[in-house]
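Asks: A predicted structure for the sequence below; I have some questions about it.
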Amino acid sequence: MQQDHLSSTFAALADPTRRAILARLAGGETSVTELAAPFQMSLPAVTKHLKVLERAGLITRTRQAQWRPCKLEAQPLREASDWMAQYSQFWEQGLDRLDAYLAVLQACAAPSSGINHPNKEHDK
């Protein structure tokens, strides 16, 4: 059974090294060697991460003479973002209910007459 695109995207994004690679590629095309520089791993290990990103459609790799640039492909990220956006209404409604509940709690806790209010000075 073939894995769907969304699952491939999320699987690729599950690794912090791959997310860091994508963040670097957001600034533009970069060579494999430049991508590997900040990581404490071998070039073949970085290449394995790049293959995962490439299979997920998150990057493309080309060859220009000796230079092998990698480029970010944003469409799978947009699809993941669109999928997650479906649930934003759910979260917003939950936060709105929590906000309303906190307002009720604060209203119940506020003194109605101001007597014995900690910020008021008592008669001397």
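Replies: Sure thing, it's come through.
Asks: And for V32, the neighbour number?
Replies: 17 (other CB atoms under 10 Å). Every residue, glycine included, has its C-beta placed from N, CA and C.
Asks: Apart from its neighbours in sequence, what residue is nearest it?
Replies: Using CB to CB, 6 or more residues apart in numbering and skipping residues adjacent in sequence, the residue nearest V32 is R68, 5.3 Å away.
Asks: Roughly how far does that neighbour sit from R61?
Replies: 6 Å (CB to CB, to the nearest Å).
Asks: joint contacts of the two?
Replies: The contact sets of R68 and R61 overlap at V32 (CB atoms under 8 Å, 6 or more residues apart in numbering).
Asks: re earlier: surely the residue nearest to V32 touches E29?
Replies: No: using CB atoms under 8 Å as the test, R68 is too far from E29 to be in contact (10.2 Å).
Asks: can you tell me which helix in the chain is longest?
Replies: helix 88-109 (DSSP state H).
Asks: Just give me how far it sits from the chain centre.
Replies: Chain-centre distance of helix 88-109: 25 Å, with CA atoms, centre = their mean, to the nearest Å.
Asks: C-alpha coordinates for that helix, CSV please?
Replies: The C-alpha atoms that make up helix 88-109 are tabulated as CSV, following Å, rounded to 0.1, in the frame of the first residue of the first chain:
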residue,chain,number,x,y,z
SER,A,88,-8.0,25.6,14.3
GLN,A,89,-11.7,26.3,14.8
PHE,A,90,-11.8,23.4,17.3
TRP,A,91,-8.9,24.9,19.3
GLU,A,92,-10.3,28.4,19.1
GLN,A,93,-13.7,27.3,20.4
GLY,A,94,-12.0,25.6,23.3
LEU,A,95,-9.9,28.6,24.1
ASP,A,96,-13.0,30.9,23.9
ARG,A,97,-14.9,28.6,26.3
LEU,A,98,-11.9,28.7,28.7
ASP,A,99,-11.8,32.5,28.4
ALA,A,100,-15.5,32.7,29.2
TYR,A,101,-15.1,30.4,32.2
LEU,A,102,-12.2,32.4,33.6
ALA,A,103,-14.3,35.6,33.2
VAL,A,104,-17.1,34.0,35.3
LEU,A,105,-14.6,32.9,37.9
GLN,A,106,-13.1,36.4,38.1
ALA,A,107,-16.6,37.9,38.4
CYS,A,108,-17.5,35.6,41.2
ALA,A,109,-14.3,36.3,43.0
